[in-house]
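Colleague: task: produce atomic coordinates for the following.
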Amino acid sequence: MKTVSTIEPGAVQGFLRDLVQVDQPRLQHPGFDAIAEEIHLLGIEPGRPVMVAMPNGRQFITVVLALLAHGAVPVLLPPSAPPSRIERMAHALGADALIAPRIPPELHNGEMPRIISPSAQLVFLREVQVRHCRPGEIILLTSGTSGVFSGCLHRVESLLLNAARHVQAIGQTAADTVLINLPMHYSYAFVAQMLGTFALGGKAVIAGPPFTPSRYARTIQDHQVTVSSLTPAMVDSWRLTGQKLPVPLRRLTVGGSALEASCVADVLERNPGLELYLTYGLTEAGPRVSTLAAHLEPPERYASVGLPLPGVRTRLRTANPGDKVGELIVKTDTGMLRRIGWRDAPLSLVGDTKTLVSTGDLFEMDDEGYLFFRNRRPSYMISRGEKVCLKSVCTIAETIPEVAGAQAWTHQNAAGDIVFTLDVYCEDVDSVDDRELRRRLAKYLLRCEQPAHVLIHPASQLGWRKSVVA
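Modeller: Numbering: from 1, shown residues only. Purely as a prediction, here's the structure:
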């Protein structure tokens, strides 16, 4: 299988020429050459980190690939990040340049943003100490694993290698049409889907989020999509329709969190001939680690995420010799170079700092090396399909002057969903109410990071140090 290993302008132009964005006219925006020229004229020098907070779409891909071709270092942010969150990210990551569809007034301080295209503006934030990287590098945020104010610095060539291994593991070819409807600022959609398809010279169709079964079916049928990736929550949403997956879909990959074995069996039973791949990965590893071709395995392996990809080695770090379950340690040549930002998370590189990753996830491994996910560290949860670092939520709450400490704990709501409550401890409980706390937290938190409840307690009840997570 032949794949590219660099971001060449000619390959980018061919990829963008065949790319389709659902519900948007093809010629609405400037092309790759025009965007690249604008980046050059705006004085963004090679190695300079540039935050990109744009929704899924042609312009997102064009801007990011133009930055990489120019030698700048893209920093992929959630497009829904509030201004205060972006400002703190800028200081934490050393990135003073921001590209977004519209620059909030709080961030440009009266200075008019530079227009890159009808859907992209650029501004340089003030008083940010820039930390230059090297051309050919990129910063990806994790989906909550490492805390909300840190990123993983990667070599683009390593991401392309990881992408090539992923597409080979699922049998994707240049003849496939790939649907990208997961958030592209996260590593799975960006690396496994977008860069994987780019490396093959294949065709991509971009839609969403949000995900709805009706739109999903229509997009696959209208654009003859053959490869798609969903989260378990999306799979469950589709299963509720009681329908088969739409033709001509041939390959479906599932990642982001564990898919129940019973769901795997149901999907395969309802869709004869479907190739179903269960995957596991994390941004620190570049990101894909393992894949299971579930349609080729016996039912007892439906709860597995398969075997490590070529070039990836795994082992379990257990508390005692003979333990069956332990923390998964990953050794890979596509791992991040280093973490950039505020290091407040237990997940970290260990040993050889370029290749060995401590995942923070508990796994069991059978005699043939198949990996079975068992649990996450209790300081993380899945909310609205995204991983949330509860410790980071507590840390943000503790920046509020009236708050002496914070604690987050997970529980089920009346609908049976896993949510979390934030306990905050104040010296003066009358100085702030829960609505005011929510308003201030909303300046920094994404929607998925918002607590279901905020409870206020006197600081005298704070019998632990700050940022304790139950």
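
Colleague: for residue 151, what are its contacts?
Modeller: Residues in contact with residue 151, defined by C-beta atoms under 8 Å, 6 or more residues apart in numbering, are 75, 93, 139, 140, 141, 142, 339, 340, 341. To be clear about C-beta, it is placed using only N, CA and C from the backbone, and glycine gets the same treatment.

Colleague: pLDDT below threshold where in the stretch 51-200 of the chain?
Modeller: 143-148 (pLDDT under 70).

Colleague: okay, helices next: where are they in it?
Modeller: 58-70, 83-93, 105-108, 156-170, 187, 196-200 (DSSP state H, counting those that start in this stretch).

Colleague: quick one: closest of these to residue 321.
Modeller: Nearest of these to residue 321, taken as C-beta to C-beta: helix 156-170 at 32.1 Å.

Colleague: what about residue 375, how many residues close to it?
Modeller: Burial of residue 375 is recorded as 10 neighbouring residues (other C-beta atoms under 10 Å).

Colleague: could you tell me whether it really is in a helix?
Modeller: No. Read with DSSP: H, G, I helix; E, B strand; the rest coil, residue 375 is strand and lies in no helix.

Colleague: for the residue nearest to it when sequence neighbours are not counted, give its distance to residue 389.
Modeller: Spatial nearest neighbour of residue 375, chain neighbours left out: residue 362 (4.4 Å); criterion: C-beta to C-beta, 6 or more residues apart in numbering. Shown here: residue 362 relative to residue 389, a distance of 17 Å by C-beta to C-beta, to the nearest Å.

Colleague: ok, these two, which is more surrounded?
Modeller: residue 389 (28 against 18).

Colleague: run through the bridge partners of the more buried one.
Modeller: Beta-bridge partners for residue 389, by DSSP bridges, are residue 380.

Colleague: strands along the stretch 201-350 of the chain, start to end?
Modeller: Ranges of strands in the stretch 201-350 of the chain, per DSSP state E, counting those that start in this stretch, are 203-206, 227-230, 251-254, 275-281, 288-293, 304-308, 312-317, 325-332, 338-341.

Colleague: TSV for those strands, including mean pLDDT, mean neighbour count and distance to residue 71?
Modeller: Below are those laid out as TSV (pLDDT from 0 to 100; neighbours: other C-beta atoms under 10 Å; distance: least, C-beta to C-beta, whole Å):
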stretch	mean pLDDT	mean neighbour count	distance to residue 71
strand 203-206	97	23	24
strand 227-230	97	24	30
strand 251-254	98	22	32
strand 275-281	97	24	27
strand 288-293	97	25	26
strand 304-308	97	23	33
strand 312-317	91	16	29
strand 325-332	90	20	25
strand 338-341	84	19	18
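
Colleague: with distance to residue 176 added, can I get these in TSV?
Modeller: TSV is the format used below for these (distance: least, C-beta to C-beta, whole Å):
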stretch	distance to residue 176
strand 203-206	8
strand 227-230	5
strand 251-254	7
strand 275-281	11
strand 288-293	16
strand 304-308	20
strand 312-317	23
strand 325-332	25
strand 338-341	34
